[in-house]
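1. Take a look and give me a structure for this.
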Amino acid sequence: MAKNILIFSDGTGQAGGLRPDQRLSNVYKLYRATRTGPDSNIDPAKQIAFYETGLGSAEISGPAWLRPFTAIRKILGSALGTGLTNNVADGYEAILKFYEPGDHIFLFGFSRGAYTVRSLAGVMNLCGVPTRDAQGNPIPRAGKALRAIVDEAVHTVYEHGAGHPRAKYEDEREEQARRFRVKYQTQDDPIANARGNIVPYFIGVFDTVAALGVTGVKRFALLTFAALVVIGLIMGAGWIVSSLSPLEYWRSVFVIASISLGTLLVFLYRTRVKVICDFPDKGNRNYHWAAWRFAFYDRFLDPRVRYARHAQAIDERRATFARVGWGKNEDMKNAPADWLVQTWFAGNHSDIGGSYPETESRLSDIALKWMAQEAEGIPHPLIIDWTKLNVFPDPLGMQHCEVESVRDIYPRWVPKQFRRSWDEKARPDISLADCHESVLKRFENSPILNCGIEMQYQPECLRNEPKLAKFYQPSVEVAKK
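-> Numbering: from 1, shown residues only. The predicted structure is shown next:
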């Protein structure tokens, strides 16, 4: 019997289920209502779910001597976006572990988790889903042998050319993908061998953003901090070694630093240097350095994906959280009307993807309910246990602004002009026709609460919408309550 395989990838710093009273993202809420378990009425023969926490969400636990390294990894993951491809690989591994012919694959993500599942769909486009190994035997369903296949697909194929203009290494990446498909018999067409054999059935993402990590001064400061911590650890280790051995202190530090540097160089070579042999001609051996940059602007959506849904934030003002479009215009012209639906919702980034306190989550409930109903209202639907998904959507719910929240951190005596915050940039102009019905209700029933302040709802990206012109007139005043 065919089943649903669900992959959920959460946003930065999100790790649902760790504490009883926790701020939860919409990704985790949907996962909780669709997973199997002793408290669920969902039959695992019909649906299974896999959840991966967001970048920078690693718990600082384990042996005391390892905790500094865990803390560094957490900071780098949250701020710089490290570990993204490992999350992609984890999701792909879950699919390979459970997939049987006829299964339907659903992908859900928020923020960088949305980037993760869109990238995972890219891996499937290039490599498909193997069910046989290179010798024609059933693939292993666990362990290092399975992970080796996953790493080959993600790190050898999908990452080939990462961080460079797509056209520069596209021919090489396509050749790597072709070789993978031949090796594991994952061609969609054995003759043409153009693409992978299996693609997602449904992809649902909450506000995909371009930011994969901080840049500029903030990036330099974080890397400097991490480097200083590592230097401190090496010097501390040198003191311990010199105390327990005849080596002098600085000799101990030099030995430990040399070993650490050598280990780092080997790691970078194995993970960042990409090689392709016998292409374009036999005997050729080409190398390049591949590393994802700090923004994701890939609009590609495989036309074979049956359903794609994107909930987008109207009121996100942070420049580094620029919206990333999806799908090519030529594909949209030839696709069914229900292939790709991108809908705008009132609120900022997390007012769409969730993670604010439950008392302030009425806007994110709108996007959550919409996404759940979209995935449930199709043939071969998502199975939802609605007793685990209680939503109370309200078009007049509290709106948040992270730009102002950062300014509020400063002491009151600091003048406003000196309160540094996120760089700002409004979302591009949009049409009311592309907005959820709750947006018009928000206009019609203003004022609303924005960061605790009552004001008229007047987002910049809808200012030029003729149907909303009356709500932007100077005579429009905030109603007194």
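2. How about the secondary structure of the nearest residue to residue 248 once chain neighbours are set aside?
-> Sequence neighbours aside, residue 242 is the residue nearest to residue 248 in space, at 6.2 Å (criterion: CB to CB, 6 or more residues apart in numbering). Every C-beta, even on glycine, is put in place using the N, C-alpha and C of the backbone. What DSSP: H, G, I helix; E, B strand; the rest coil gives for residue 242 is helix.
3. now do residue 305
-> Three-state call for residue 305 (three-state DSSP): coil.
4. Run a quick neighbour tally on the residue nearest to residue 197 when sequence neighbours are not counted.
-> Leaving aside its sequence neighbours, residue 197 sits nearest to residue 128 (CB to CB, 6+ apart; 4.0 Å). Counted by other CB atoms under 10 Å, the residues lying close to residue 128 total 22.
5. Kindly report the same for residue 247.
-> Here the number of neighbours of residue 247 (other CB under 10 Å) works out to 16.
6. Could I get the contacting residues of residue 371?
-> Residues counted as contacts of residue 371 (CB atoms under 8 Å, 6 or more residues apart in numbering) are 26, 30, 108, 204, 206, 309, 311.
7. List the contacts of the nearest residue to residue 110 once chain neighbours are set aside.
-> Excluding its sequence neighbours, the residue lying closest to residue 110 (CB to CB, 6+ apart) is residue 353, at 3.7 Å. Applying CB under 8 Å, 6+ apart, one finds that residue 353 lies in contact with 11, 25-27, 110-111, 206-207, 311, 364, 367.
8. Can you list the helices and strands that the helix or strand hosting residue 331 packs against?
-> Assigned by DSSP states H and E, residue 331 belongs to helix 329-334. Contacts defined by 3 or more CB pairs under 8 Å, 6 or more residues apart in numbering; DSSP states H and E place helix 329-334 against no helix or strand at all.
9. now it: mean pLDDT?
-> Throughout helix 329-334, pLDDT has a mean value of 83.
10. Which SSE is immediately downstream of it?
-> Sequence-wise, the next helix or strand downstream of helix 329-334 (DSSP H and E) is strand 340-345.
11. can you list the domains in this structure?
-> Following the TED database, the chain resolves into domains at 4-64+82-211+292-388, 216-274, 402-471.
12. least reliable of those going by mean pLDDT?
-> Looking at the domains of the chain, the lowest mean pLDDT belongs to domain 216-274 (a mean of 86).
13. Tell me how far that domain lies from the chain's centre.
-> Taking CA atoms, centre = their mean, to the nearest Å, the mean C-alpha location of domain 216-274 is offset from the chain mean by 30 Å.
14. mind starting the numbering at 20 from now?
-> In the new numbering, first residue 20, that becomes domain 235-293.
15. before we move on, back to that, from the contacts of residue 390, which ones fall inside strands?
-> Among the contacts of residue 390, the members falling in strands (DSSP state E) are 127, 223, 225, 328, 330.
16. picking that back up, quickly note the distance from the residue nearest to residue 267 to residue 69.
-> Remark: distance between residue 261 and residue 69 (CB to CB, to the nearest Å) = 47 Å.
17. can you check residue 433 too?
-> With the distance defined as CB to CB, residue 433 ends up 45 Å from residue 69.
18. again, but for residue 263
-> 45 Å.
19. With neighbour numbers in mind, choose between the two.
-> Shown here are residue 263 and residue 69; by other CB under 10 Å, residue 69 has more neighbours (18 against 9).
20. State whether the more buried one is indeed within a helix.
-> No: with three-state DSSP as the criterion, residue 69 is located in strand rather than a helix.
21. what residues are up against the residue lying closest to residue 268 once chain neighbours are set aside?
-> With CB to CB, 6+ apart as the criterion, residue 268 has its nearest non-adjacent residue at 4.3 Å, and that residue is residue 261. For residue 261, the contacting residues are 267-268, 270-271, by CB under 8 Å, 6+ apart.
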